[in-house]
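Participant: this is the structure alone, sequence omitted:
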C-alpha cells in the first residue's frame, strides 16, 4: 500500500517528466498549458494536505512545485499567457490568479480538492478565498487578496470581454470565477478565430491596380497617424477592403462582418470581437457597417459608436470600418478618415483568377480576361469560386471558364439567401413587339450599359457622376405589355444573370431587416454581374408620406430612404416594373437612367403579336388563320393575353384531334381569355366577313 508521500512522488513524477517542452510532439503552448494545470493540481494537493495536517505530503508537493516553477519560468517568454500579460499589462499576481481560474475550470481532478478547501459551492468556480489557500497566501499577509478583489471590480478587460466571468452576483471578494472556453483554447495554443469572426492576414503577392495602389498609400498614412481617428474604407462588398487594411497596416486583423449578423446578435458579437483582439493583440475591423445602420437602428448605432470610442480611448490603435454606402452615421464622435476603394481592373482580376486556379492545382481552359470583365469580384470571391469549381471537377486537371462562372454563381446564390431567384431567359428579340419610341428607349438603355467604359473612363465623365455608375430603370405600363420580358432580353443581350427579387422575403416588419435584405441583394448583384428585377415594385417603393404620423409611415420612409442610397451607390443594373406609375416614390424616379413606358399594343402591333405567337415553325396552322382579324376582334389584349390564347388554341386543337389549328380554335381561346380579363361579349368587335379560302 502506498503512503501519501510516495503517492505524491508518483503523481509528481508523472506530472513533471511529461511536461517537458516538445513531449509527445505537442506544441510548446500545449505543453506549457498542461504544465500550468499540473502546477495548480499540485497546489491543491499541498493546500489540502496542509488543511488535513499531512506535513510530509505538503513538503513533497512543495518541492515538486518549486521544480515545476523553475522549468515554467524558463519557457514562458513567448507563450500565449506571456503575450497576453504584455498586451494587457497584467502583473504576476494577475497571471497567477488567471491560471488558477483556468485550471479549476477545466481540470476535473481538482473538484474534490476544491470542495475540501472551500465547501460544495467551490463547484461554481474559484473564489479568492480558495485561491489564497492554493497560492499559499497567509490570512494576515501583504494585502494581495484585497488588491486582486479591487482589480476584478475595476474596469477589467478580462472580465468585460467574458474571458473571466463571475458565476454569482456577490461582491468581488466573494464571487466565484470561471474561465471562458475561448481563453482556455487560446492558452492551449488554438489560433483560430471563432465565428462570426474571421482573421485577415497580409497576403504574400496580392496584385493591385493603379487606383488601388493609390488608395493603399492613403490607408498607410491614415493607419500610421495614431489612434485618434476612425478609418472608413468605402467600396463594394467583397472587393478586398479588409485585406487592403491588413496590407496597409502590415499586420493581421480580426474582422466582424455585420452583414452576417441579426440586430439581436450585435452586442454579443462586438464583445467577442474585442475579446479576440485582446487575445491576439490585433486591430479590429467592423466590416459592412452600413448593413446594420439604417435610419431606425438607434441601438445598433449606439453599440458600434461605443465600441469604436472605447477602442480608441484605450489606445488599441485606429478604428477600421468598411462600408458599401458612403456617408453613413457611425455613431462615434471621433474624427473620420474616408478612403475610397474600388474593385481591381479586369487585367488584374484575370491575373487573380489565374493565380487562384494554379494554387488549386489545376490549369485554366478558356478566356479569363472575358470572365474578369464580366464579373467585378475581389480576391475572396475568386477563391471561393475556384474552390466550388474544383469540387465539381475534382478529377480533372483543367478548369474551364464556364466552370469558374458556375462556381461564382453558386457563391452569389448563397449570398442572396433566397431573396432573389435566378431566371432562365428563353425569349428572343424576334418575339418582342413594342412601339418604335419604346424600342428606341430600350436600345438607349442597353447602349448606356454597353458603352459605360468608353464614356466614363476613356472620355472622362466618371468624375462628373456623384456616386454610383450603375443604371437604374423604371418600366411602367399595364400587365402583359412586355416589361418583365424586356428585362430578361436586356440581361441576355448584355451577358448578365437575371435575378428576380422575391419581395415577400425582402420586406419585413422587423426594424432594419428590410434594409439589411436590400443590402444583401445589391451586394450580391454587383459581385455576380447580375441584373436585379423588382417586379411589381410599387409594393416596396411606394411614395413616402409627407408627414408620417404612424410607426408604419416612418418605417416605410426608412426603407425608401435606404433604397435611394443603394440605388445611388450601386454600380450594376436595376430594373423596377410597375403597373401603377404614380405609385413609385418621386425621389426614386429622379435616380432612374431611363423611364420606359409600355403602352397597350395598337391593332397593327396586336396583329404582329398574333402572328409571332401562333407561328412556331412546326405548329400546323390552317389557311384561314387571320392575325389581322384576331387583332381587330379583341382590341384590349396585350402580348401576354395573346400568348395565353395562342397556347390554349393549340391545346384545343390537339384535344379535338384536329389536323390543324384553325381560326375557330384561336377565336374560341381568345374569347375565353377575354372573359378572364373581365371583358364581356359586348366589347368584342364583330369580325368582318372574309372570303372563304381553300386549303
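Facilitator: Everything's here; your move. This structure is a prediction, so every number in the text was calculated from the model and none was measured.

Participant: how about the helices in the stretch 251-400 of the chain?
Facilitator: Under the criterion DSSP state H, counting those that start in this stretch, the stretch 251-400 of the chain carries helices at the ranges 266-280, 298-313, 346-359, 368-374, 379-392.

Participant: what's the closest of those helices to residue 96?
Facilitator: Closest approach to residue 96 among these is made by helix 266-280 (18.8 Å; CB to CB). The way it works is simple: take the backbone N, C-alpha and C, and place the C-beta from them, glycine included.

Participant: now do residue 623, the pLDDT please.
Facilitator: pLDDT recorded at residue 623 is 91.

Participant: so what's the backbone phi/psi at it?
Facilitator: Torsion angles at residue 623 (phi, psi; degrees, to the nearest 10) stand at phi -70, psi -20.

Participant: same question, residue 660
Facilitator: Per-residue torsions, residue 660: phi -140, psi 160 (degrees, to the nearest 10).

Participant: what is the burial count for it?
Facilitator: 14 (other CB atoms under 10 Å).

Participant: show me the contacts for it.
Facilitator: 620-622, 653 (CB atoms under 8 Å, 6 or more residues apart in numbering).

Participant: and the gap between it and residue 670?
Facilitator: According to CB to CB, to the nearest Å, residue 660 and residue 670 sit 17 Å apart.

Participant: same check, this time on residue 608
Facilitator: The gap separating residue 608 from residue 670 is 16 Å, by CB to CB.

Participant: and the strands in the stretch 1-150 of the chain?
Facilitator: 126-127 (DSSP state E, counting those that start in this stretch).

Participant: quick one: the helices in it, in order.
Facilitator: Counting by DSSP H, counting those that start in this stretch, the stretch 1-150 of the chain has helices at residues 4-18, 28-51, 55-75, 80-88, 92-106, 111-118, 128-135, 144-153.

Participant: for residue 304, find the nearest of those.
Facilitator: With distances scored as CB to CB, the stretch of these nearest to residue 304 is helix 80-88 (23.3 Å).

Participant: quick one: contacts of the closest one?
Facilitator: With contact meaning CB under 8 Å, 6+ apart, helix 80-88 is reached by 29, 32, 36, 76, 90, 94-95, 98-99, 157-158, 186-187, 189, 278-279, 281.

Participant: and that helix with helix 28-51, angle?
Facilitator: Per axes from the mean of the first three to the mean of the last three CA atoms, to 10 degrees, the angle that helix 80-88 makes with helix 28-51 is 90 degrees.

Participant: give the contact list for residue 475.
Facilitator: 483, 486-487, 575-578, 596, 598.

Participant: next secondary structure after the helix or strand containing it?
Facilitator: If you go by DSSP states H and E, residue 475 is part of strand 471-476. Using DSSP H and E, the helix or strand that follows strand 471-476 towards the C-terminus is helix 483-494.

Participant: which other helices and strands contact the helix or strand just after that next one?
Facilitator: Per DSSP H and E, helix 483-494 leads on to strand 497-501 as the next helix or strand towards the C-terminus. Packing partners of strand 497-501 (3 or more CB pairs under 8 Å, 6 or more residues apart in numbering; DSSP states H and E): helix 401-416, strand 420-423, helix 483-494, helix 513-527, strand 530-534.

Participant: how is the chain carved up into domains?
Facilitator: The chain breaks down by automatic domain parsing into domains covering 4-187, 197-340, 346-416, 429-597, 603-683.

Participant: quick one, which of residue 608 and residue 670 is more surrounded?
Facilitator: Per other CB under 10 Å, whichever of residue 608 and residue 670 has more neighbours is residue 670, with 23 against 18.

Participant: tell me which residues touch the more buried one, please.
Facilitator: Taking CB under 8 Å, 6+ apart, we find residue 670 in contact with 630, 633-634, 637, 645, 649.

Participant: if we go to 10 Å?
Facilitator: Applying CB atoms under 10 Å, 6 or more residues apart in numbering to residue 670 gives the contacts 610, 630, 633-634, 637, 641-642, 644-646, 648-649, 684.

Participant: dump the helices of the stretch 251-400 of the chain into CSV; add distance to residue 674 and mean neighbour count as well.
Facilitator: Below are these laid out as CSV (distance: least, CB to CB, whole Å; neighbours: other CB atoms under 10 Å):
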stretch, distance to residue 674, mean neighbour count
helix 266-280, 56, 20
helix 298-313, 54, 18
helix 346-359, 52, 19
helix 368-374, 44, 19
helix 379-392, 49, 20
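
Participant: can you list those in CSV and add distance to residue 208 and mean pLDDT?
Facilitator: Below are the helices of the stretch 251-400 of the chain laid out as CSV (distance: least, CB to CB, whole Å; pLDDT from 0 to 100):
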stretch, distance to residue 208, mean pLDDT
helix 266-280, 26, 88
helix 298-313, 27, 82
helix 346-359, 7, 88
helix 368-374, 15, 81
helix 379-392, 10, 82
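
Participant: and of those, who's closest to residue 231?
Facilitator: In terms of CB to CB, the element of the helices of the stretch 251-400 of the chain nearest to residue 231 is helix 298-313, at 10.5 Å.

Participant: the closest one vs helix 266-280, what angle?
Facilitator: Going by the same axes, to 10 degrees, helix 298-313 makes 20 degrees with helix 266-280.

Participant: against residue 384, how distant is residue 236?
Facilitator: As judged by CB to CB, residue 236 and residue 384 stand 16 Å apart.

Participant: what residue ranges in the stretch 1-150 of the chain score low on pLDDT?
Facilitator: Segments of the stretch 1-150 of the chain classed as low confidence (criterion: pLDDT under 70) are 1-25, 69-77, 139-142.

Participant: 80 instead, please
Facilitator: 1-26, 52, 56-78, 121, 138-142 (pLDDT under 80).

Participant: please apply the same query to the stretch 451-600 of the chain.
Facilitator: 451-470, 495, 504, 507-516, 519-520, 523-530, 537-572, 581-591.
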